[in-house]
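# Predicted model and sequence follow; I will ask about them next.
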Amino acid sequence: MSKVVVTGKIPSGALTRLRAEHDVLAWEDSTPISREELLKRVRGADAIVSLLTEKIDDELLAAAGVQLGSVSNVAVGYNNIDVPACKARSVLVTNTPGVLTEATADIAMSLILMVTRRLAEGERVIRAQQPWQWGMFYMLGSSIQGRQLGIVGMGQIGVAVARRARAFGMTIAYTKRTPLDAATHKELDAKHVELDELLATSDVVSLHCPYSPETHHFMNATQLAKMKSSAYLVNTARGPVVDEAALADALQRNVIAGAGLDVFEKEPVVHEGLLGLDNAVLIPHLGSATVETRAAMADLAATNALAILNGKTAPNLVG
Ligand code: DGY
């Protein structure tokens, strides 16, 4: 039996599968484990199943010891893991692509609708019991039909968002190193464009690129200024892809019309400049937050960890 450390509470099905084969030390509290406790627990671990709230860096790998063979993240994004440090110590890293595509695309589409139709703002009026009445010019938003959605990073989630947006009557432009395969390109009737063109011509820009040192503050004041003043920014990727201070300033000065954010630079802290803005829709990292999706993510992470412990090739190796 190998020692498997699970760094946070995960759905029971995945835990049962891990426990059936290995000695599992799982943190089962809903609040994240402290760094100190985690450093103690990983000592002697052969595999770690990690959540994105835990930083897997060289210090933690050293604390685990040379027998550590893998880190399986219960997330598609793995910016909480120092992949080069894992590589240097011959520790394999896996993630959970695919299983959260539809749930995350639902949230991106929801944010597009919420911000263009001022839904959160309207809900706040009612909950605050402020006076309101139907009016010809009351709380008007923008229609998305016939408008262009610009997708930055056309991976699986980007394509799923594009499909939804097409059903709502939007047209699609996207950036991607290599164009989409011919069938998907045709299905979406999508335009493959350079970033500057996408920013200048899109009515909604939706971010779907992974976070890395290269994409840190990718949407900064300069890039925001390239967008139309009537356009909206949506981020369901990772918070630090956007310079939040620059975004708050752009929203305050109406450089762009609005933003819908599921992720934040310093989660769970949100830049205070965003908090009072009616043109910012702010939701707490809910992209993959459905019962079904979280069970599937944990299950896939368990499959990856078990494959490596059994000397097989894991389905979702990264790096
Ligand atoms: C992921 O898997 O990267 C998501 O952000 C988790 O919700």
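Great, that's in hand.
# Could you chop the protein up by domain?
As given by automatic domain parsing, the domain ranges for the chain are 3-97+291-309, 101-282.
# of all the ones you listed, which lies closest to Asn316?
Distance to Asn316, taken as C-beta to C-beta, is lowest for domain 3-97+291-309 among the domains of the chain, at 4.6 Å. The way it works is simple: take the backbone N, C-alpha and C, and place the C-beta from them, glycine included.
# The ligand contacts on this protein?
Proximity of the chain to the ligand is assessed by C-beta under 6 Å from any ligand atom, with Ala75, Val76, Gly77, Leu100, His285, Gly287, Ser288 identified as the residues in range.
# Would you check which pair of the residues you listed lies furthest apart?
Val76 and His285 (13.0 Å).
# The two - which one has more neighbours?
Val76 (24 against 17; other C-beta atoms under 10 Å).
# three-state assignment of the more buried one?
Following DSSP: H, G, I helix; E, B strand; the rest coil, the label given to Val76 is coil.
# That one touches Asn95, doesn't it?
Yes. The pair Val76 and Asn95 qualifies as a contact (C-beta atoms under 8 Å) at a distance of 5.3 Å.
# related to what we said a few turns ago, in CSV, list the residues of the chain next to the ligand along with pLDDT.
Converted to CSV, the residues of the chain next to the ligand look like this (pLDDT from 0 to 100):
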residue, pLDDT
Ala75, 98
Val76, 97
Gly77, 97
Leu100, 98
His285, 98
Gly287, 98
Ser288, 98
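# List buried residues within those residues.
If you count burial by 16 or more other C-beta atoms under 10 Å, the buried members of those come out as Ala75, Val76, Gly77, Leu100, His285, Gly287, Ser288.
# residue contacts, the residue positioned nearest the centre of the chain?
Central residue check for the chain by C-alpha atoms, centre = their mean: the C-alpha nearest the mean position is that of Ala237, 3.5 Å away. For Ala237, the contacting residues are Gly77, Gly153, Leu207, His208, Cys209, Pro210, Tyr211, Val263, taking C-beta atoms under 8 Å, 6 or more residues apart in numbering as the criterion.
# Helices of the stretch 101-250 of the chain, residue ranges please.
Secondary structure of the stretch 101-250 of the chain, counting by DSSP state H, counting those that start in this stretch: helices at 101-116, 119-127, 156-167, 182-188, 195-201, 221-225, 244-252.
# With respect to Trp134, which of the ones you listed lies nearest?
In this view, the helices of the stretch 101-250 of the chain are compared for proximity to Trp134 by C-beta to C-beta, and helix 119-127 is the closest at 11.6 Å.
# And the closest one, what's buried?
By neighbour count on 16+ other C-beta under 10 Å, the buried set for helix 119-127 is Leu119, Ala120, Glu121, Gly122.
# Now do that helix: which elements does it pack against?
Using 3 or more C-beta pairs under 8 Å, 6 or more residues apart in numbering; DSSP states H and E as the contact definition, the elements that helix 119-127 packs against are strand 280-282.
# So Pro284, which state does it fall into?
When the structure is split into helix, strand and coil by three-state DSSP, Pro284 lands in coil.
# how far away is it from the ligand?
The spacing between Pro284 and the ligand, counted by C-beta to the nearest ligand atom, to the nearest Å, is 11 Å.
# Excluding chain neighbours, what is closest to that residue?
Residue nearest to Pro284 in three dimensions, not counting chain neighbours: Pro268, with 7.0 Å by C-beta to C-beta, 6 or more residues apart in numbering.
# What about that neighbour, how many residues nearby?
8.
# Repeat that for Val4.
Close neighbours of Val4, defined as other C-beta under 10 Å, add up to 25.
# quick one: average confidence on stretch 30-48?
Per-residue pLDDT values over stretch 30-48 give a mean of 97.
# in that stretch, what counts as buried?
By neighbour count, with 16+ other C-beta under 10 Å as the criterion, the buried positions of stretch 30-48 are Ile33, Leu38, Arg41, Val42, Ala45, Asp46, Ala47, Ile48.
# Tell me where the model's unsure across the stretch 1-150 of the chain.
Counting by pLDDT under 70, the stretch 1-150 of the chain shows no low-confidence range.
# one step back: run a quick check on the residue nearest to Pro284 versus Gly239, I expect a contact.
No. With contact defined as C-beta under 8 Å, Pro268 does not reach Gly239; the gap is 10.2 Å.
# Which neighbours do these two have in common?
Counting by C-beta under 8 Å, 6+ apart, Pro268 and Gly239 have no contacts in common.
# Quick check: the residue nearest to Gln67 when sequence neighbours are not counted vs the ligand, distance?
In space, Gln67 comes closest to Asp46 once its chain neighbours are excluded; the distance is 5.6 Å by C-beta to C-beta, 6+ apart. To the ligand, Asp46 is 24 Å away according to C-beta to the nearest ligand atom.
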